[in-house]
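# have a look at this fold, sequence not included:
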């Protein structure tokens, strides 16, 4: 087997090992509490079967935007897309193996310049170009669901793709999930962001989770 094929299969296996919602996912509703530093806001969310979503009953517009951002991220990462649909035009090559045993995977083709690390059939580093911004995400621990893994603790940094300058501070995340009627859903996300020596903490708590309809067997 050639190296590009080895790299492709290594990355494919980890990609397909991510936890995603299946085609029977019915969507759900939940109450949300958003705490940022010493402020607190409450509201309701709804994620639909097609992973579109709504955030309601939040009066403060900035708080509503913050909640919308997190709900969008929650939904978009649970969408199940075939590997060939997402990465079919990419060519993968292997890089170095770090001291922790994670293997670098470099991308050429549609996503030229992107790179990843794979360890124990999980993607532990994502380094992606998104238009004029580069996002780098390191994952340190995960939840094993038996149906794929979910990231638990990780951080993210955004930089300017042209200059390499930081865009905002480094953010540390801690996500908690619970299984509700056959589907894992996020019940808490804590974000600690450090910028110019100041640390800001945000918490998104989701409770009273109810599926929109019984999941099909």
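Nice, thanks for sending it over. These numbers were taken from a predicted model, which means no experiment stands behind them. Numbers count the residues shown, from 1 in each chain.
# let me see the contact set for residue 193.
Taking CB atoms under 8 Å, 6 or more residues apart in numbering, we find residue 193 in contact with 168, 169, 170, 171, 172, 199, 200, 201, 202. Bear in mind the C-beta positions are built from the backbone N, C-alpha and C, glycine included.
# burial of the second one, as a residue count?
So the one you mean is residue 169. Counted with other CB atoms under 10 Å, the neighbours of residue 169 add up to 16.
# which members of the contacts of residue 193 are classed as buried?
Buried members of those, counted by 16 or more other CB atoms under 10 Å: 169, 171, 172, 202.
# got a list of what the last one touches?
Pointing back at residue 202 there. Residue 202 makes contact with 34, 35, 36, 66, 190, 191, 193, according to CB under 8 Å, 6+ apart.
# in strands, which of those fall?
With DSSP state E as the criterion, strands contain 34, 35, 36, 190, 191, 193 from among the contacts of residue 202.
# what residues are bridge-paired with the fifth one?
Here residue 191 sits in beta bridges with residue 173, residue 202, as judged by DSSP bridges.
# contact partners for it?
Counting by CB under 8 Å, 6+ apart, residue 191 makes contact with 171, 172, 173, 201, 202, 203, 204.
# so which pair among those residues is furthest apart in space?
Across the contacts of residue 191, the longest distance by CB to CB is 14.4 Å; it joins 172 and 204.
# quick one on the thing from earlier: list just the nearest of the contacts of residue 202 to residue 58.
If you rank these by distance to residue 58 using CB to CB, residue 34 comes first, at 7.8 Å.
# what's the lengthiest helix in the chain packed up against?
If you go by DSSP state H, the chain has its longest helix at helix 61-76. Contacts defined by 3 or more CB pairs under 8 Å, 6 or more residues apart in numbering; DSSP states H and E place helix 61-76 against strand 28-36, strand 39-47, strand 53-56, strand 198-211.
# contact partners for the nearest residue to residue 47 once chain neighbours are set aside?
Closest residue to residue 47 in three dimensions, ignoring its sequence neighbours and counting by CB to CB, 6 or more residues apart in numbering: residue 53, at 4.7 Å. Going by CB under 8 Å, 6+ apart, residue 53 touches 45, 46, 47, 68, 71, 72, 75.
# quick one: contacts for the residue positioned nearest the centre of the chain?
The centre of the chain sits closest to residue 77, judged by CA atoms, centre = their mean, with a distance of 5.2 Å. For residue 77, the contact set (CB under 8 Å, 6+ apart) comprises 18, 20.
# how close does it sit to residue 87?
Counting by CB to CB, to the nearest Å, the gap from residue 77 to residue 87 is 16 Å.
# residues near residue 59, how many?
Counted with other CB under 10 Å, the neighbours of residue 59 add up to 9.
# look up how far residue 42 lies from it.
Plainly put, residue 59 is 10 Å away from residue 42 if you go by CB to CB.
# can you check residue 165 too?
For residue 165, the distance to residue 42 equals 37 Å [CB to CB].
# now do the SS call for residue 12.
helix (DSSP: H, G, I helix; E, B strand; the rest coil).
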